[in-house]
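Novice: pasted the sequence and its predicted model underneath.
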Amino acid sequence: RQLGFFLFRETFCPSSKMSSKVDDEFMSATLPYSSPISVGAYPMLAVLLLGLGLFFLATFFVYEITTSKFTRSLKQEVRVAVLASFLTGFGAVFTLLSNGIYL
């Protein structure tokens, strides 16, 4: 058993000197990940997106209440509903991110 492990290690794992050299080159060539949006902007984006989403949600409700079922346009309903959903969804994501809950 030990002989098989030794052959596997020599075949698939580089020697320690080679490994450290490759790791050092790899680590020096890579950059740490940074968010394309500043962390300080998360609360502002959360408030802005949630506010706009709630505005379009209210617009959708007002449209549904004030128009009769014969004059409603499905295209307009779907457009406003998708926009409101998109904005409130991303607003919720930025709310979680601004509170330190990283998704």
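Specialist: Thanks, I have the structure now. Everything quoted here is computed from the prediction, not taken from an experiment.
Novice: could you use CA atoms for every contact and neighbour count after this?
Specialist: Fine.
Novice: can you give me the helices in this structure?
Specialist: 2-12, 16-29, 42-66, 74-98 (DSSP state H).
Novice: hmm, Val80 is touching Ala58, no?
Specialist: No: judged on C-alpha atoms under 8 Å, Val80 makes no contact with Ala58 at a distance of 9.9 Å.
Novice: ok, the two, which is more surrounded?
Specialist: Shown here are Val80 and Ala58; by other C-alpha atoms under 10 Å, Val80 has more neighbours (19 against 14).
Novice: what's the neighbour count on Leu45?
Specialist: The burial count for Leu45: 19, using other C-alpha under 10 Å.
Novice: can you start the count at 142 instead of 1 from here on
Specialist: That works, and once the first residue is 142, the last one we named lands at Leu186.
Novice: skipping its backbone neighbours, what lies nearest Ala225 in space?
Specialist: If the residues on either side of it in the chain are set aside, Ala225 comes closest to Gly194, at 4.5 Å by C-alpha to C-alpha, 6 or more residues apart in numbering.
Novice: just for this structure, where's the confidence low?
Specialist: Low-confidence segments of the chain (pLDDT under 70): 142-171.
Novice: please redo it, this time with the cut-off set to 80
Specialist: Scanning the chain for pLDDT under 80 picks out 142-174.
Novice: mind checking how far the spatially closest residue to Leu244 that is not a sequence neighbour is from Thr229?
Specialist: Nearest residue to Leu244, sequence neighbours excluded (C-alpha to C-alpha, 6+ apart): Leu238, at 7.4 Å. Distance, Leu238 to Thr229, by C-alpha to C-alpha, to the nearest Å: 14 Å.
Novice: neighbour-wise, which of the two wins?
Specialist: Thr229 (24 against 16).
Novice: ok, the more buried one touching Leu186?
Specialist: No: using C-alpha under 8 Å, Thr229 is not in contact with Leu186; the gap is 11.0 Å.
Novice: from what I see, the residue nearest to Ala225 and Ala222 are in contact.
Specialist: No: using C-alpha under 8 Å, Gly194 is not in contact with Ala222; the gap is 9.5 Å.
Novice: need the overlap of contacts for those two.
Specialist: Common neighbours of Gly194 and Ala222 (criterion: C-alpha atoms under 8 Å, 6 or more residues apart in numbering): none identified.
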